[in-house]
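>>> Whatever this is, show me its structure:
(one chain, ligands or ions: 1)
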Amino acid sequence: MTASRTDLPADATVAVRHPDAPAPGTVLPAHYAHCFGCGAAERHGLHLAIVAGEGVEVTATFEVTEHHQGAPGLAHGGLLASALDEILGMLGHLTRMSCVTARLETDFRRPVPVGSTLHLRSRADGVAGRKLYASAEGRLGGTDGPVAVRARALFVQVGLEHFAEHGRPEDLEAVARDPRLIGVPDYTVNP
Ligand SMILES: CCCCCCCCCC(=O)SCCNC(=O)CCNC(=O)[C@H](O)C(C)(C)COP(=O)(O)OP(=O)(O)OC[C@H]1O[C@@H](n2cnc3c(N)ncnc32)[C@H](O)[C@@H]1OP(=O)(O)O
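Got it, this is the predicted structure:
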């Protein structure tokens, strides 16, 4: 079988928790106040409160509401992928890598009903140069509940110029006026 592009390459090293990473149990700051996944200022967002775990792991709980439906009474798959993308990306708080998603592979194992609580967990599996390999899962009803969704992902570390070059000018200007909209230190300066 052909290797998946999220398989750890031979030159990957173990992902290491940065010495200045937030302590286990800390609710991680939103990386951007208007982020759909974690931003408090985004009215229509998921508002995930993501918590630093031990090692290079983070967790969150996600309450599935009627606003998240794809079929009657069931969560939309793309929206679940968004939640997984977010909890995977926030591993950057622990590795101190400012990353963007390059590839996200998702397995939907069980339908997720409205009203359920999805227990999300992600972990960094390895690093190769700018590439961070990670995996995540969402379990129904409890941390030992059945797995409803799983993902594997490749994130690529980028510098501030990525956002300066590609972001919409009015949003960049809003950040320049109020830097508190960004909730991460400049991880690209001291990776
Ligand atoms: C603390 C921070 C918290 C952050 C939380 C964020 C949560 C939300 C995350 C997101 O949703 S980010 C938004 C969605 N993603 C994007 O918009 C990214 C769009 N893609 C890009 O901007 C560029 O394609 C990218 C920066 C990912 C890579 O472009 P580059 O020109 O910088 O690098 P390049 O293309 O040379 O790729 C670098 C390496 O990654 C590999 N690569 C890139 N894309 C890949 C891909 N799709 N699949 C497999 N490998 C890939 C590529 O082969 C290469 O491997 P090698 O170093 O071994 O040569």
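>>> what are the phi and psi angles of the residue of the chain found nearest the ligand?
The chain approaches the ligand most closely through Gly89 (2.5 Å), counting by CB to the nearest ligand atom. Yep, even glycine has a C-beta here, placed from its N, CA and C like the rest. Main-chain dihedrals, Gly89, degrees, to the nearest 10: phi -60, psi -30.
>>> what's the answer for Glu173, then?
phi -70, psi -40.
>>> For this protein, which residues are neighbours of the ligand?
5, 31, 37, 85-86, 89-90, 92-93, 98, 100-103, 129-131, 154, 156, 158, 184 (CB under 6 Å from any ligand atom).
>>> before we move on, back to that, quick check: pLDDT value at the residue of the chain closest to the ligand.
pLDDT, Gly89: 97.
>>> likewise the one 3 residues further on?
Gly92 is assigned a predicted lDDT (pLDDT) of 95.
>>> Kindly report the same for Ala124.
Predicted confidence (pLDDT) for Ala124: 97.
>>> what's across from it in the sheet?
Residues in a beta bridge with Ala124, per DSSP bridges, are Ala134.
>>> residues in contact with it?
15, 56-57, 91, 94-95, 132-134 (CB atoms under 8 Å, 6 or more residues apart in numbering).
>>> Any chance of the backbone angles for Pro169?
phi -50, psi -40.
>>> which other helices and strands contact the helix or strand containing Val58?
Using DSSP states H and E, the element containing Val58 is strand 57-63. Judged by 3 or more CB pairs under 8 Å, 6 or more residues apart in numbering; DSSP states H and E, the packing partners of strand 57-63 are strand 51-52, helix 77-89, helix 92-95, strand 117-128.
>>> For it, buried residues please.
Buried positions in strand 57-63, judged by neighbour count with 16 or more other CB atoms under 10 Å: 57-60, 62.
>>> Show the pLDDT at the closest residue to Ala148 other than its chain neighbours.
Counting by CB to CB, 6 or more residues apart in numbering, Ala148 lies nearest to Arg110, which is 4.3 Å off, once chain neighbours are set aside. pLDDT, Arg110: 98.
>>> Quick one: end-to-end length of stretch 102-118, please.
Using CA to CA, to the nearest Å, the span of stretch 102-118 from its first residue to its last is 24 Å.
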